[in-house]
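**Student:** Just need the structure, nothing else, for what follows:
(one chain, ligands or ions: 1)
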Amino acid sequence: MISIALTKGRIEKDAVKIFEKAGFGIDELKSKGRKLVFNDSKEEIKYFLVKANDAVTYVEHGVADMAIVGKDTLLEKGENYYEVLDLGIGKCKFIVATLPNVNIFNRIGHIKIGSKYPNVSKRYFEGKGMDVEVIKIEGSVELAPILGISEGIVDIMETGTTLKENGLIVVDEICDISSRVIVNKSSFKLKRNEINEVIDRIRMACNN
Ligand code: PRP
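**Tutor:** Residues are numbered from 1 along each chain as shown. Alright, predicted model coming up:
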(Lines give C-alpha, C1' and ligand atoms only; values in the text may rest on other atoms or scores of the structure.)
Protein backbone atom coordinates (compact mmCIF):
# COMPACT_ATOMS: atom_id res chain seq x y z
CA MET A 1 0.00 0.00 0.00
CA ILE A 2 1.25 3.45 -0.96
CA SER A 3 -0.13 6.65 0.56
CA ILE A 4 -0.11 9.91 -1.35
CA ALA A 5 -0.86 13.35 0.10
CA LEU A 6 -2.44 15.69 -2.43
CA THR A 7 -2.49 19.43 -1.81
CA LYS A 8 -6.04 20.70 -1.88
CA GLY A 9 -7.09 23.95 -3.50
CA ARG A 10 -5.42 25.64 -6.47
CA ILE A 11 -3.49 22.62 -7.88
CA GLU A 12 -5.94 19.90 -6.83
CA LYS A 13 -7.91 19.73 -10.08
CA ASP A 14 -4.83 19.60 -12.32
CA ALA A 15 -3.17 17.02 -10.06
CA VAL A 16 -6.27 14.81 -10.16
CA LYS A 17 -6.32 15.13 -13.98
CA ILE A 18 -2.72 13.90 -14.16
CA PHE A 19 -3.50 10.90 -11.94
CA GLU A 20 -6.52 10.10 -14.10
CA LYS A 21 -4.44 10.35 -17.27
CA ALA A 22 -1.85 8.07 -15.66
CA GLY A 23 -4.59 5.46 -15.28
CA PHE A 24 -5.08 5.56 -11.50
CA GLY A 25 -8.54 4.86 -10.07
CA ILE A 26 -9.26 8.28 -8.66
CA ASP A 27 -13.05 8.45 -9.31
CA GLU A 28 -13.68 8.99 -5.55
CA LEU A 29 -11.48 12.08 -5.64
CA LYS A 30 -13.49 13.59 -8.44
CA SER A 31 -16.76 13.55 -6.47
CA LYS A 32 -15.26 13.93 -3.05
CA GLY A 33 -17.71 15.90 -0.89
CA ARG A 34 -16.04 16.54 2.47
CA LYS A 35 -14.06 13.29 2.56
CA LEU A 36 -10.33 13.51 3.25
CA VAL A 37 -9.14 9.94 2.64
CA PHE A 38 -9.74 8.12 -0.65
CA ASN A 39 -8.94 4.62 -1.85
CA ASP A 40 -7.76 4.08 -5.39
CA SER A 41 -10.31 1.83 -7.13
CA LYS A 42 -7.62 0.03 -9.15
CA GLU A 43 -4.39 0.05 -7.14
CA GLU A 44 -3.18 -0.36 -3.59
CA ILE A 45 -3.02 3.40 -3.11
CA LYS A 46 -4.58 5.67 -0.52
CA TYR A 47 -4.87 9.43 -1.11
CA PHE A 48 -5.14 12.17 1.55
CA LEU A 49 -6.33 15.66 0.70
CA VAL A 50 -4.44 18.16 2.86
CA LYS A 51 -3.05 21.69 3.06
CA ALA A 52 0.34 22.21 1.42
CA ASN A 53 2.33 22.60 4.67
CA ASP A 54 0.71 19.45 6.06
CA ALA A 55 1.53 17.48 2.89
CA VAL A 56 5.23 18.12 3.61
CA THR A 57 4.81 17.32 7.32
CA TYR A 58 3.09 13.99 6.56
CA VAL A 59 5.82 12.99 4.09
CA GLU A 60 8.62 14.03 6.45
CA HIS A 61 7.03 11.94 9.23
CA GLY A 62 6.51 8.98 6.89
CA VAL A 63 2.71 8.72 7.25
CA ALA A 64 2.46 9.64 3.57
CA ASP A 65 4.96 7.95 1.25
CA MET A 66 4.63 10.70 -1.35
CA ALA A 67 3.01 14.08 -1.88
CA ILE A 68 2.16 16.57 -4.58
CA VAL A 69 3.06 20.00 -3.29
CA GLY A 70 4.09 23.44 -4.55
CA LYS A 71 7.75 24.45 -4.71
CA ASP A 72 6.75 27.58 -2.75
CA THR A 73 5.92 25.43 0.29
CA LEU A 74 9.08 23.33 -0.17
CA LEU A 75 11.27 26.44 -0.29
CA GLU A 76 9.57 27.81 2.81
CA LYS A 77 9.44 24.80 5.09
CA GLY A 78 10.58 21.49 3.67
CA GLU A 79 13.93 19.81 4.06
CA ASN A 80 13.72 16.10 4.80
CA TYR A 81 12.43 14.35 1.66
CA TYR A 82 13.43 13.59 -1.92
CA GLU A 83 12.04 15.88 -4.61
CA VAL A 84 11.66 13.59 -7.61
CA LEU A 85 9.53 15.24 -10.28
CA ASP A 86 8.31 18.62 -11.55
CA LEU A 87 4.69 18.23 -12.67
CA GLY A 88 4.68 21.51 -14.59
CA ILE A 89 1.32 22.51 -13.07
CA GLY A 90 0.57 25.26 -10.56
CA LYS A 91 3.07 27.50 -12.33
CA CYS A 92 3.63 30.86 -10.67
CA LYS A 93 6.47 33.04 -9.38
CA PHE A 94 7.78 34.32 -6.08
CA ILE A 95 7.79 38.10 -6.42
CA VAL A 96 8.54 41.22 -4.40
CA ALA A 97 5.86 43.91 -4.74
CA THR A 98 5.28 47.39 -3.36
CA LEU A 99 3.04 50.38 -3.91
CA PRO A 100 4.28 52.32 -6.98
CA ASN A 101 5.71 55.29 -5.06
CA VAL A 102 7.95 53.20 -2.76
CA ASN A 103 11.51 52.12 -3.53
CA ILE A 104 12.54 49.55 -0.94
CA PHE A 105 15.93 48.98 -2.57
CA ASN A 106 17.33 52.46 -2.02
CA ARG A 107 16.21 52.64 1.59
CA ILE A 108 18.88 53.08 4.23
CA GLY A 109 18.09 51.09 7.36
CA HIS A 110 15.29 48.85 8.39
CA ILE A 111 12.31 47.94 6.18
CA LYS A 112 9.25 45.81 6.85
CA ILE A 113 8.03 43.06 4.53
CA GLY A 114 4.70 41.24 4.84
CA SER A 115 4.61 37.61 3.72
CA LYS A 116 3.14 34.16 4.16
CA TYR A 117 6.69 32.99 3.45
CA PRO A 118 9.01 34.44 6.14
CA ASN A 119 11.92 32.09 5.42
CA VAL A 120 11.91 32.73 1.67
CA SER A 121 11.64 36.48 2.37
CA LYS A 122 14.50 36.50 4.90
CA ARG A 123 16.79 34.50 2.61
CA TYR A 124 16.07 36.81 -0.33
CA PHE A 125 16.71 40.07 1.55
CA GLU A 126 19.72 38.66 3.43
CA GLY A 127 21.17 37.76 0.04
CA LYS A 128 20.88 41.42 -0.88
CA GLY A 129 22.44 42.49 2.42
CA MET A 130 19.28 44.35 3.41
CA ASP A 131 18.06 44.81 6.96
CA VAL A 132 14.49 43.52 6.87
CA GLU A 133 11.87 42.63 9.44
CA VAL A 134 9.41 40.08 8.05
CA ILE A 135 5.86 40.25 9.38
CA LYS A 136 3.99 36.96 8.93
CA ILE A 137 0.65 37.45 7.18
CA GLU A 138 -1.60 34.43 6.64
CA GLY A 139 -3.54 35.51 3.53
CA SER A 140 -4.49 38.43 1.28
CA VAL A 141 -0.92 39.64 1.77
CA GLU A 142 -1.51 42.46 -0.74
CA LEU A 143 -3.28 44.32 2.07
CA ALA A 144 -0.09 44.69 4.13
CA PRO A 145 1.42 47.69 2.26
CA ILE A 146 -2.03 49.18 1.66
CA LEU A 147 -2.73 49.22 5.39
CA GLY A 148 0.83 50.33 6.09
CA ILE A 149 2.00 47.39 8.20
CA SER A 150 4.87 46.85 5.73
CA GLU A 151 6.61 48.65 2.87
CA GLY A 152 6.49 45.62 0.58
CA ILE A 153 5.45 42.00 0.25
CA VAL A 154 6.95 38.70 -0.86
CA ASP A 155 4.23 36.51 -2.33
CA ILE A 156 3.33 34.19 -5.15
CA MET A 157 1.95 35.69 -8.36
CA GLU A 158 0.13 33.66 -10.97
CA THR A 159 -1.79 35.98 -13.31
CA GLY A 160 -0.83 39.25 -11.56
CA THR A 161 -4.51 40.21 -11.24
CA THR A 162 -4.55 40.45 -7.45
CA LEU A 163 -1.55 42.80 -7.44
CA LYS A 164 -3.00 44.91 -10.24
CA GLU A 165 -6.45 45.22 -8.73
CA ASN A 166 -4.89 46.35 -5.47
CA GLY A 167 -2.52 48.88 -7.00
CA LEU A 168 0.76 47.05 -6.30
CA ILE A 169 3.66 46.60 -8.72
CA VAL A 170 6.29 43.87 -9.03
CA VAL A 171 9.73 45.24 -8.16
CA ASP A 172 11.62 41.93 -8.41
CA GLU A 173 11.06 38.30 -9.36
CA ILE A 174 12.67 35.81 -6.97
CA CYS A 175 12.10 32.49 -8.75
CA ASP A 176 9.68 30.31 -10.71
CA ILE A 177 7.44 27.87 -8.86
CA SER A 178 5.51 24.76 -9.90
CA SER A 179 4.11 21.62 -8.29
CA ARG A 180 6.52 18.84 -7.38
CA VAL A 181 6.37 15.21 -6.34
CA ILE A 182 8.19 14.54 -3.07
CA VAL A 183 8.91 11.16 -1.49
CA ASN A 184 9.68 10.09 2.07
CA LYS A 185 13.31 8.97 2.28
CA SER A 186 12.69 5.59 3.97
CA SER A 187 9.68 4.81 1.76
CA PHE A 188 11.90 5.38 -1.25
CA LYS A 189 14.16 2.57 -0.04
CA LEU A 190 11.50 0.20 1.33
CA LYS A 191 8.94 0.58 -1.47
CA ARG A 192 11.32 1.53 -4.26
CA ASN A 193 9.64 -0.45 -7.07
CA GLU A 194 6.07 0.59 -6.27
CA ILE A 195 7.05 4.24 -5.83
CA ASN A 196 9.14 4.31 -9.00
CA GLU A 197 6.21 2.86 -10.92
CA VAL A 198 3.90 5.60 -9.65
CA ILE A 199 6.51 8.27 -10.50
CA ASP A 200 7.03 6.84 -14.02
CA ARG A 201 3.30 6.77 -14.72
CA ILE A 202 2.88 10.34 -13.48
CA ARG A 203 5.90 11.48 -15.50
CA MET A 204 4.48 9.93 -18.67
CA ALA A 205 1.05 11.49 -18.05
CA CYS A 206 2.71 14.92 -17.65
CA ASN A 207 4.70 14.58 -20.85
CA ASN A 208 1.73 13.59 -23.03
C1 PRP B 1 -2.41 33.74 -3.86
C2 PRP B 1 -1.37 34.82 -3.62
C3 PRP B 1 -2.00 36.03 -4.24
C4 PRP B 1 -2.80 35.44 -5.40
C5 PRP B 1 -2.04 35.63 -6.69
O6 PRP B 1 -3.35 33.80 -2.87
O7 PRP B 1 -1.12 34.97 -2.24
O8 PRP B 1 -2.85 36.69 -3.33
O9 PRP B 1 -2.95 34.06 -5.14
O10 PRP B 1 -2.75 35.16 -7.81
P11 PRP B 1 -2.91 36.05 -9.12
O12 PRP B 1 -1.55 36.56 -9.51
O13 PRP B 1 -3.45 35.10 -10.16
O14 PRP B 1 -3.87 37.17 -8.84
P15 PRP B 1 -4.48 32.70 -2.70
O16 PRP B 1 -5.52 32.85 -3.76
O17 PRP B 1 -3.82 31.37 -2.65
O18 PRP B 1 -5.19 33.08 -1.33
P19 PRP B 1 -4.68 33.73 0.04
O20 PRP B 1 -4.34 35.17 -0.25
O21 PRP B 1 -5.84 33.60 0.95
O22 PRP B 1 -3.49 32.95 0.47
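
**Student:** so I89 touches A15, yeah?
**Tutor:** Yes - using Cβ atoms under 8 Å, I89 is in contact with A15, at 6.7 Å. All C-beta spots, glycine's among them, are computed from the backbone N, C-alpha and C.

**Student:** For this structure, name the helix or strand with the lowest mean pLDDT.
**Tutor:** Ranked by mean pLDDT, DSSP states H and E, the weakest helix or strand in the chain is helix 27-30, scoring a mean of 88.

**Student:** I89 and A15: which is more packed in?
**Tutor:** A15 (25 against 18; other Cβ atoms under 10 Å).

**Student:** Spatially, and excluding backbone neighbours, which residue is closest to the more buried one.
**Tutor:** I68 (4.9 Å; Cβ to Cβ, 6 or more residues apart in numbering).

**Student:** how far away is the one you found from S140?
**Tutor:** Separation of I68 from S140 (Cβ to Cβ, to the nearest Å): 25 Å.

**Student:** again, but for H110
**Tutor:** In this structure, H110 and S140 are 24 Å apart, going by Cβ to Cβ.

**Student:** List the buried residues of the top helix by length along the chain.
**Tutor:** Longest helix in the chain by number of residues (criterion: DSSP state H): helix 192-207. Buried residues in helix 192-207, defined by neighbour count with 16 or more other Cβ atoms under 10 Å: 194-195, 198-199, 201-203, 205-206.

**Student:** try stretch 10-23
**Tutor:** The neighbour-count check on stretch 10-23 (16+ other Cβ under 10 Å) flags 10-12, 15-16, 18-19, 22 as buried.

**Student:** cool, stretch 60-80 as well?
**Tutor:** Buried, per 16+ other Cβ under 10 Å, within stretch 60-80: 60, 64-78.

**Student:** Same check on stretch 42-51?
**Tutor:** Result for stretch 42-51 [16+ other Cβ under 10 Å]: buried residues 43, 45-50.

**Student:** Tell me how far the residue positioned nearest the centre of the chain lies from F38.
**Tutor:** Centroid-nearest residue in the chain, with Cα atoms, centre = their mean: G70, separated by 2.3 Å. According to Cβ to Cβ, G70 stands 21 Å off from F38.

**Student:** Over to P100?
**Tutor:** P100 is 46 Å from F38, by Cβ to Cβ.

**Student:** Between the two, which has more neighbouring residues?
**Tutor:** F38 (20 against 9).

**Student:** Packing partners of the host helix or strand of the more buried one?
**Tutor:** Secondary structure assignment for F38, by DSSP states H and E: strand 37-39. Secondary-structure packing of strand 37-39 (3 or more Cβ pairs under 8 Å, 6 or more residues apart in numbering; DSSP states H and E): helix 27-30, strand 45-50.

**Student:** Brilliant, that's me finished.
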